[in-house]
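> Curious how this folds, go ahead:
(one chain, ligands or ions: 1)
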Amino acid sequence: MSAIDDAARLVSDASRTVVFTGAGMSAESGIPTFRDALTGMWAEHDPMTLASPEGWRSDRDLVWSWYADRARQVRLVEPNDGHLALARLAVAARIDGRAVSVVTQNVDDLHERAGSAVASHLHGSLFAPRCESCRRPEHADVAVADPRPACPLCGASMRPGVVWFGELLPRDDWSEASRLVEECDLLIVVGTSGVVQPAASLPERARSNGTPIIEVNPEPSALTPLATVHLEGTAAEVLPRLV
Ligand SMILES: CC(C)NC(=O)[C@H](Cc1c[nH]c2ccccc12)NC(=O)[C@H](CCCC/N=C(/NCCC(=O)O)S[C@H]1O[C@H](COP(=O)(O)OP(=O)(O)OC[C@H]2O[C@@H](n3cnc4c(N)ncnc43)[C@H](O)[C@@H]2O)[C@@H](O)[C@H]1O)NC(=O)OCc1ccccc1
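Reported below is the predicted structural model:
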């Protein structure tokens with residue numbers, strides 16, 4: 001039996017599937033992966049600096065503009081066949097009482113725009129700006145505002161609603177993701193290099209529970225050794241073949 005047949009059987013036998021996605025999931029929509037995020041005018045910046053509290057404190061305008069640029073980019077693209085296949089998988093599963101939950105590291109809204117209910121945005125969202133002081137949330141449209149807006153309530157600066165390196169993950173999203181992975185009977189890992197913690201510990205937890213893992217990635221990743229089945233291909237090519 002081929003790897004795709006093995007994977008398709010695991011998918012059809014599972015009753016509680018979790019799909020854990022990274023930047024590779026959105027690559028075919030035209031959103032560069034994190035490692036390639038710095039193309040064009042941002043090429044001269046270090047992502048870890050831009051995506052950190054230190055980077056923010058040293059240049060709020062630069063960091064805000066980077067995120068506003070990324071939010072505008074996401075609004076210009078569409079979910080790809082991989083996103084659409086996952087939404088279909090969840091609908092098909094729900095019909096016969098099974099569950100498919102999406103846990104993502106991505107800060108774009110392409111899963112939602114494809115029709116998936118995202119159970120957990122581990123690293124926040126480009127479209128959830130909030131006040132850096134009173135934490136007052138603002139409308140998604142504020143995320144693409146340039147220049148950087150102030151909080152209408154306390155006058156402090158708005159900040160992107162993402163999780164920066166060195167920041168704790170949103171408690172509810174982390175506990176929901178941990179619960180779903182603990183209880184799942186299949187984990188599908190799509191388009192992640194598996195190097196960012198604590199997110200990358202979730203597949204390790206599934207593996208230690210003996211849960212089968214399907215990995216979809218054109219390259220080997222840090223998570224490939226954990227995979228029961230590694231499907232060497234892209235999200236938009238492979239996922240439709242699992243539905
Ligand atoms: C780099 C790493 C070593 N550093 C960390 O993990 C740090 C520090 C750390 C904590 N614990 C540790 C333990 C050990 C070592 C380090 C640490 N973690 C943190 O800081 C976390 C917060 C991490 C969250 C950071 N925010 C992001 N994003 C939001 C912002 C933004 O987006 O700007 S992370 C960001 O990068 C990550 C990128 O990874 P991937 O998604 O995997 O993307 P990547 O580009 O790497 O890979 C793409 C993959 O797709 C594949 N691919 C490409 N095309 C396709 C395709 N078409 N189809 C399928 N696959 C494809 C490629 O082959 C590749 O494999 C994503 O998670 C993304 O969200 N906070 C924290 O732990 O707080 C408490 C604490 C605090 C201080 C000290 C200790 C503890």
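> Next, count neighbours for Leu50.
21 (other CB atoms under 10 Å). Heads up, the C-betas are built off the backbone N, CA and C, glycines and all.
> and what of Ala90?
That count, for Ala90 with other CB under 10 Å as the rule, works out to 20.
> Just to check, it is in contact with Arg98?
No: Ala90 is beyond contact range of Arg98, at 9.3 Å (criterion: CB atoms under 8 Å).
> Next to the ligand, which bits of the protein? Give me the list.
Residues of the chain found near the ligand (CB under 6 Å from any ligand atom) are 22-24, 27-28, 33-35, 51, 105, 107, 123, 162-168, 190-193, 195-199, 216-219, 221, 234-235.
> Now go through those residues and say which are in helices.
If you go by DSSP state H, those have 24, 27, 235 in helices.
> Would you check how far apart the closest residue to the second one other than its chain neighbours and Met25 are?
In this structure, Ala27 finds its nearest non-sequential neighbour in Thr33, 5.5 Å apart by CB to CB, 6 or more residues apart in numbering. Between Thr33 and Met25 the distance, using CB to CB, to the nearest Å, works out to 9 Å.
> Please say which of these two ends up with more neighbours.
Met25 (32 against 16).
> Run a quick check on that one versus Ala235, I expect a contact.
Yes: using CB under 8 Å, Met25 is in contact with Ala235, at 5.1 Å.
> where do the contact lists of those two overlap?
Between them, Met25 and Ala235 share these contacting residues under CB atoms under 8 Å, 6 or more residues apart in numbering: 82-83, 190-191.
> hmm, back to that, in strands, which of the residues of the chain next to the ligand fall?
Mapping the residues of the chain next to the ligand onto strands (DSSP state E) picks out 190, 216.
> What's the PyMOL syntax to select whichever of the residues of the chain next to the ligand are buried?
Of these, the buried ones go into a single PyMOL selection, burial set by 16 or more other CB atoms under 10 Å:
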select buried, resi 22+23+24+27+28+33+34+51+105+107+123+162+163+164+190+191+192+193+196+199+216+217+221+234+235
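> Pretty sure Ile188 sits in a helix.
No: going by DSSP: H, G, I helix; E, B strand; the rest coil, the assignment for Ile188 is strand, not a helix.
> So in terms of bridging, what pairs with it?
Val19, Ile214 (DSSP bridges).
> For the ligand, what is the nearest residue in the chain?
Gly24 (2.3 Å; CB to the nearest ligand atom).
> buried stuff in the longest helix along the chain?
Counting residues, the longest helix found in the chain (DSSP H) is helix 60-76. Under the neighbour-count criterion of 16+ other CB under 10 Å, helix 60-76 has 60, 63-68, 70-71, 73-75 buried.
> what's near enough to touch the residue nearest the centre of the chain?
By CA atoms, centre = their mean, the chain has its centre lying nearest to Asn106, at 2.4 Å. Shown in contact with Asn106 (CB under 8 Å, 6+ apart): 21-23, 25-26, 121, 123.
> Thought Gly161 was touching Pro129, still the case?
Yes: under the criterion of CB under 8 Å, Pro129 makes contact with Gly161 at 5.4 Å.
> Now Trp64. Nearest residue, chain neighbours left out?
Leaving aside its sequence neighbours, Trp64 sits nearest to Arg148 (CB to CB, 6+ apart; 3.9 Å).
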